[in-house]
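J.: the following block contains a protein sequence and its predicted model.
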Amino acid sequence: MMQQWYIRSKMKKWLVFSFLFVLVIGTVLQSFTISSNLNFNSNANDTTSQKLSGNLMANEKPSTPLKLDALLEDNPEAFFPNFLFYSIEVANVLIDSLYDNVSGGFYTSTDEHWLESSINFDKLTYDNAQAVLALLKLADAVINQSERDLALDIAEKTGNCLITELYDELFSGFYISKSNNYKKPGIQAKAIQALLALYKTTDNVTYRDIAINTSKFLDNHAWDNDNGYYVYLLSHGGLIPSQNPNAHDPYDPRSKRVDHNVLLGNALLDLYNLESNETYLIYAKRIYDFFNTTCRNTSTGLFYTGLNSNNEIVDLDSADIFINSLVLELLTNIFHATNDSKYFDEFFNLLYSVLYHFWDEDYGGFYATYSYLDPSERDKRKYTERQFYGIKALDEAYKLTNNSLFYNLILDIFEVLNNYLYDHVHLGYLQLVDNDGTQGDISWNDKFTVTQSLAIYSLANLWLYSKPGVLNAVWSPSTPLANEDSVTISAAAYDSDGLSNVLFNYSMNNGPYQIVEMVPHSLVANMFITTLESQNDGTTINFNIIVNDNLGNQATRGSYFFLWQYDVWAPEIQQIGFSPGLEIPIHNDFSITVSAQDVPLQGDVEFVRMYYKAEEELRQSIALEKIDQHLWKVTFPEGLPKAGYYAYSFEAIDGRGNFGYSFVSYFYIIGPPETNEQALFFIIGIFLVMFIFIPAGLYTYVEYKKKNARKKIKRTREIGYLKQSRKSRKRRKRGTKRG
C-alpha cells in the first residue's frame, strides 16, 4: 500500500507541472502565430479584397504605348536641336581618328579617347559603305562649299578603298573585311547603295557597273528561287560554305536572315530607281512577301530574325528592333516606288507595333529586344545604332503624314542620345547604355566607325528635311487657359538660298484663314515666333507654317490644332522609387518617392497625400514632402508596427483644386517567421514525452527500485541478525550445559 501511494503522489506532481508548462507555452505560441500571420494566399487580383474606402482604389486605367499628348516645354530652343552641328562634330572626330589618309577608308574602331594605340586597323565593307552614305548626306546638308568639298572628297576616296581593298575582282562581290574573305548579302547590299550614291554624285560609271555586277553575282549564287538570299558565300566562285565560319553566329550558311535580305531589298530598289528595270522591283517585293508570310509573329506583327536551312524560325522567343526597323525602311521604299497603299498601310501597322513593344515609356528611346516568353526579361539596353534606325523609321512616318507626334518621338530619342550616349568630353557616340542611362561594361564606351557613320547620316538628314524647310511648330502654353493665357507659337525655318518670309496661317473656330508674318526670335537663330491673345473658353485654332525662300520656292508644315479651355485636368502621379524595397521588416524605416505633375503643365501641384491600410484595418494618410520641382517624398522613420501586406495609393491636388489619384499598389511588412500550429504542437508533444514524461516515469521507477532494494537489504540484515542471534543463543545454551 505504501509503495502504490508513493508512486501516485510522484506522478500527480509531474502531471500538474507538465500541464501548466504546456498551457503557458501554447498561450504564448498562439498569440505569436496570430500576430505574424501574413495573408500571402489572398488573391491579389480580387478587387473585393483590395478595395478601400474613398478614392484610394482607382479604376482600370487604359495603357497606351505612346505619350500621345506629347507635352511641350516653354523653351523653344529645346525643340530646335542643332542636328547639323552634331553631325559635323562627329564627322570631324571620326575623320581625324579613324580615316586612313594613305589609302582611304576607315578603320573599324578605337577606345573612348580615340587613342591610336587602341585602333583596330581592320577595314570592314559595311562600315565603309555606311561612311560613304553618311558623308554624301553631310555634303548635302552643309552650307560652306569648302566643307561640302571635303565631305565629297573623303566619301569618294572611301568608295575607291572599297573597290581596291575589299572587292573581289575575279568573281565579284565584296569581302566582309580585309581579314575575312567570306561574303554576306547584307554587306553587298550596303556596298551597292554606297556605289550608286557615288555614281549619282560623280557620274563615274565604274561605281554603277560594280554595283550592278555585285547584284548579278548575288542573283546567280545566293538567291533561292523566290525564297530570299542565303547568309554566306565563299570568296571564290560564290560557293556556299559547308560550315558556318563564325562560331558565334546562330545561322548556318544556308539560313536566311531577315536583315540581310531586307538590306538587299533596299539596294535593289536603288537599282530600280536608277535603271528603271522592273526585275529589281519584283525581287524586292518578293523578299518582303516571303518573310512576311514565313517569319512574322501573327499576334504582334513583329518580324523574327530569320530562318534556318530547314526554313524553321530561329530565335522564336524574341524580336529585335534592328530587324523591324530595316523592314520599315523597305516598306517605305517599296511604297515610294509603287505608290501602292498596301505598303503604306503595312508600314504604319508595323510601326505602331514597334512603338508598342519596343518604346521605353519611362526614359524614352527603343529597347533592344522584345521577349515573347516574358516581356520583363527583354534586353532593355539602349543600343546607339538601333536608336538611329528607329529615327529613320520615324522620320519617314513624319514625312508621310506630317504628324508632329512622330517628330516629338524623334526629339525624345535625340534627348536620350544626347544625354546618355554622346561623349561630350571626347566626342562621338558610345555603343550602348542601360535602359535608365547608366553605363555598364567599359567596352560600351568604344567608338566604332559604323556607329559614328549612322549618327552623321541621321543627324544631317534630320537637318535637311526640305528646302525651304521648317521644323516642328510648338506653342506655349501647350493647353492655354481660357481668358487668361496668350499663346506664343514658335517654328524653326531654314534655307540655304535665304528666307523671304515665314508665315503663320491660321483659322479660329473653323472660320476663314488669316496670314500673319512671323518675326525672328531675339535669342534663337533660325527661330520665328508670333503671339495670339487670350480667347474665350472653347476657342479653337487650326494653323500651319508657310516658308518662302528667295528663289520663290515654298514649303508648308502643318496642320496643327489647339484650343483655349478651363483647367479641368487632374495632376498625374507616378511612383519612381521605393527604398529599400517592397518587403520591409517590421519597425524598419522606409521611404517612397513619387513624381506629381500638373496636366497639361499649366501650374504646380500644391499637395500630395499617401493613403495606406493593412488588412482589416482603417485607412490612414500621411502628407508628402516636396523635394524638387515635380518630386515628392514620404518617409516612415520608424517603419510600421504591424506585420501584413498594405495597400497604398497617392492623391495630388493642383492649384485649381483638381484631384488626381494613382493606382493602388502593395508592400509587405514582414514580422517574425510564420509557424505551423499543428506541427509546432506535435513537436512540443514529442518534447514533453521525451524530456518530461519519460524522465518523470523513469525517475519514479528508479526511486521505486531503490526503495525496494533498501528494504531487501534491511530485511536481509534483519534475517542475518536473527540468524546470528539464534546461533549466539545456541552457543550460550551449549556452554551452560557443559558447565
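T.: Cool, the structure landed.

J.: so how far is the first residue of stretch 509-527 from its last?
T.: 27 Å (Cα to Cα, to the nearest Å).

J.: show me what counts as buried in that stretch.
T.: Going by neighbour count (16 or more other Cβ atoms under 10 Å), the buried part of stretch 509-527 is 518, 521, 524, 526-527. (Each C-beta comes from the backbone N, C-alpha and C, glycine too.)

J.: how about the contacts made by the closest residue to Pro520 other than its chain neighbours?
T.: Spatially, and ignoring its direct neighbours in sequence, Pro520 is nearest to Phe528 (5.9 Å; Cβ to Cβ, 6 or more residues apart in numbering). Contact partners of Phe528, counting by Cβ atoms under 8 Å, 6 or more residues apart in numbering, are 490-493, 502, 518-521.

J.: which two among the buried residues of stretch 509-527 are spaced furthest apart?
T.: By the measure Cβ to Cβ, Met518 and Val524 form the most distant pair in the buried residues of stretch 509-527, at 12.7 Å.

J.: and the spatially most central residue of the chain, which of the three is it?
T.: Geometric centre of the chain, nearest residue: Lys380, 3.7 Å, by Cα atoms, centre = their mean. What DSSP: H, G, I helix; E, B strand; the rest coil gives for Lys380 is coil.

J.: then Thr716?
T.: helix.

J.: circling back to that earlier point, now tabulate the buried residues of stretch 509-527 in TSV and tack on distance to Asn160.
T.: Converted to TSV, the buried residues of stretch 509-527 look like this (distance: Cβ to Cβ, whole Å):
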residue	distance to Asn160
Met518	47
His521	45
Val524	42
Asn526	37
Met527	41
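
J.: how far does stretch 446-465 sit from the chain's center?
T.: 22 Å (Cα atoms, centre = their mean, to the nearest Å).

J.: which residues in the stretch 551-700 of the chain form strands?
T.: Ranges of strands within the stretch 551-700 of the chain are 554-563, 572-579, 583-585, 590-597, 605-614, 620-623, 625-626, 631-636, 644-654, 659-661, 665-670, based on DSSP state E, counting those that start in this stretch.

J.: that should have said the stretch 151-300 of the chain, apologies.
T.: Assigned by DSSP E, counting those that start in this stretch, the stretch 151-300 of the chain shows strands spanning 256-257.

J.: residues contacting the residue nearest to the residue nearest to the centre of the chain when sequence neighbours are not counted?
T.: Nearest non-adjacent residue to Lys380, counting by Cβ to Cβ, 6+ apart: Asn435, 3.8 Å away. By Cβ under 8 Å, 6+ apart, the residues touching Asn435 are 360, 362-363, 367, 380-382.

J.: helices or strands up against the helix or strand where Glu385 lies?
T.: Element membership for Glu385, per DSSP states H and E: helix 384-401. Judged by 3 or more Cβ pairs under 8 Å, 6 or more residues apart in numbering; DSSP states H and E, the packing partners of helix 384-401 are helix 321-338, helix 341-358, helix 404-416, helix 449-464.

J.: name the helices or strands packed onto the second one?
T.: Same thing as helix 341-358. helix 321-338, helix 384-401.

J.: switch to 6 Å and redo it
T.: Under the contact definition 3 or more Cβ pairs under 6 Å, 6 or more residues apart in numbering; DSSP states H and E, helix 341-358 sits against helix 321-338.

J.: which one is Thr338 nearest to, not counting chain neighbours?
T.: Leu281 (7.3 Å).

J.: burial measure for that neighbour, as a count.
T.: As a burial measure, Leu281 scores 19 neighbours (other Cβ atoms under 10 Å).

J.: surely it touches Leu271?
T.: No: using Cβ atoms under 6 Å as the test, Leu281 is too far from Leu271 to be in contact (9.2 Å).

J.: touching both of those two, which residues are there?
T.: Here Leu281 and Leu271 share no contacting residue, scored by Cβ atoms under 6 Å, 6 or more residues apart in numbering.

J.: now the contacts of Asn435: which count as buried?
T.: Among these, those that count as buried by neighbour count (16+ other Cβ under 10 Å) are 360, 363, 367, 381-382.

J.: turn the strands of the stretch 551-700 of the chain into a markdown table, including distance to Glu165, mean pLDDT and mean neighbour count.
T.: Shown next, in a markdown table, are the strands of the stretch 551-700 of the chain (distance: least, Cβ to Cβ, whole Å; pLDDT from 0 to 100; neighbours: other Cβ atoms under 10 Å):
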| stretch | distance to Glu165 | mean pLDDT | mean neighbour count |
| --- | --- | --- | --- |
| strand 554-563 | 42 | 80 | 16 |
| strand 572-579 | 52 | 88 | 15 |
| strand 583-585 | 60 | 89 | 15 |
| strand 590-597 | 54 | 92 | 20 |
| strand 605-614 | 62 | 92 | 20 |
| strand 620-623 | 70 | 92 | 12 |
| strand 625-626 | 62 | 92 | 13 |
| strand 631-636 | 55 | 93 | 18 |
| strand 644-654 | 63 | 91 | 21 |
| strand 659-661 | 63 | 88 | 18 |
| strand 665-670 | 60 | 89 | 16 |
